[in-house]
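K.L.:
Please work out how this folds:
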Amino acid sequence: MEYIVAVTLFAISASATPGPNNLLLMSSGANYGVRRSLPLMCGICFGFALMLFLVGVGFGQIFQTFPELHFIIKCVGTAYLLYLAYLIARSGELSSVGSEAKPLSFLKGALFQWVNAKAWVVATGAIAAFTTLGESYYAQNLTIAITFFLISFPSVGIWLLFGSALKKVLTSPTRRAVFNYAMSGLLVLSVLPVVLDIFSTLS
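P.N.:
This next block holds a predicted model:
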């Protein structure tokens, strides 16, 4: 029981704190509302739980064997995050066009986890902290993945609801533009440590 409580508390703290996933959801909620953003939220929750499980069953060892592969994914992921920041900054302009504006899909939300630096840190940290080598390793790995899957819905859902509530405030194009630029800037700031790490590796 203590083990489940510990994993649950870790899942809450990791899922509910600011990061690329939650910033994307808050921005999507503010621009498109809860209903249209639900596929993105489900994709994030399912995608991270699956990623966490796969990291536990062997992907982590692959990256230890081929560190250059992890570095490539980090570079691609950082570039993609910066691209998403650009899309968020422009979403105010797109929303005025009408049907052209669409939130990210379930698949994009799920695949995004593989290029999300915070997701990698949380996944590897959870596996390292809450598993022990032995017969129970895979059962523990599955327990962690299921716990994160269940906890992530209310944790990230709060950010989506908050973004949707802001939609009532962001009634003017100017307010919406300011909000989107702020969200874009925060996303860029969240990526900045990874960018600096990439440049330090290359230098």
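K.L.:
Show me where the chain dips below the pLDDT cut-off.
P.N.:
59-61, 63-64, 70, 91-101, 133, 135, 190 (pLDDT under 70).
K.L.:
What are the boundaries of the strands in it?
P.N.:
Using DSSP state E, the chain contains no strands.
K.L.:
which residues of it fall in helices?
P.N.:
2-16, 20-54, 60-65, 67-95, 106-112, 117-130, 137-167, 173-202 (DSSP state H).
K.L.:
any idea which of the ones you listed is most buried?
P.N.:
Mean neighbours per residue, mean count of other CB atoms under 10 Å, is largest over these for helix 20-54, with a mean of 22. From N, CA and C alone the C-beta is placed, and that goes for glycine too.
K.L.:
Tell me the helices and strands packed up against that helix.
P.N.:
Packing contacts for helix 20-54, counted by 3 or more CB pairs under 8 Å, 6 or more residues apart in numbering; DSSP states H and E, involve helix 67-95, helix 106-112, helix 117-130, helix 137-167, helix 173-202.
K.L.:
helices or strands up against the shortest one?
P.N.:
In other words, helix 106-112. Using 3+ CB pairs under 8 Å, 6+ apart, helix 106-112 sits against helix 20-54.
K.L.:
what's the angle from the helix it packs on to helix 67-95?
P.N.:
With axes from the mean of the first three to the mean of the last three CA atoms, to 10 degrees as the basis, helix 20-54 and helix 67-95 are set at 140 degrees to each other.
K.L.:
before we move on, back to that, just tell me which of the helices and strands packed on helix 20-54 ends up closest to residue 39.
P.N.:
Ranking those by proximity to residue 39 (CB to CB) places helix 106-112 first, at 4.1 Å.
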